[in-house]
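K.L.:
Need the 3D shape of this:
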Amino acid sequence: MKKKLNKIYHEDWQVIKEYVKPLEFQIERNKQQVLLRTNALTLVTRKQVK
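P.N.:
Next up, the predicted model:
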């Protein structure tokens, strides 16, 4: 996913900050508790003026 975002924001965008944080939460599925885990990616960009 990080590669896809870098490809999209490559030309006219300036990447200011990039954060990758672990994210987890519990849901109930079929009356059973399930723990979902992922890495949340936050990308702060600015469009460059030409």
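K.L.:
if I look at the residue located most distally from the centre of the chain, how far off is Lys21?
P.N.:
Relative to the mean C-alpha coordinate of the chain, counting by CA atoms, centre = their mean, the farthest residue is Lys31 (29.3 Å). Distance, Lys31 to Lys21, using CB to CB, to the nearest Å: 30 Å. Quick note: C-beta positions are derived from backbone N, CA and C, even for glycine.
K.L.:
For the least confident helix or strand in the chain by mean pLDDT, name the packing helices and strands.
P.N.:
Lowest mean confidence among the helices and strands of the chain (mean pLDDT, DSSP states H and E): helix 2-8, at a mean of 78. Helix 2-8 sits against strand 32-47, with contacts defined as 3 or more CB pairs under 8 Å, 6 or more residues apart in numbering; DSSP states H and E.
K.L.:
List of residues touching the strand it packs on?
P.N.:
Residues external to strand 32-47 that are found in contact with it (CB atoms under 8 Å, 6 or more residues apart in numbering): 1-2, 5, 9, 12-28.
K.L.:
Show me those residues that map onto strands.
P.N.:
13-28 (DSSP state E).
K.L.:
Farthest-apart pair in these, please.
P.N.:
Farthest-apart pair in the ones in strands among the contacts of strand 32-47 is Gln14 and Glu28; separation 42.3 Å (CB to CB).
K.L.:
how near is the spatially most central residue of the chain to Ile8?
P.N.:
Centroid-nearest residue in the chain, with CA atoms, centre = their mean: Leu41, separated by 2.3 Å. With distances taken as CB to CB, Leu41 is found 13 Å from Ile8.
K.L.:
Equivalent analysis for Gln26, please.
P.N.:
Gln26 is 32 Å from Ile8, by CB to CB.
K.L.:
okay, those two: which has more neighbours?
P.N.:
Counting neighbours by other CB atoms under 10 Å for Gln26 and for Ile8 shows that Ile8 has the greater number, 11 against 8.
K.L.:
what's the more buried one in contact with, if anything?
P.N.:
Contacts of Ile8 by CB under 8 Å, 6+ apart: none found.
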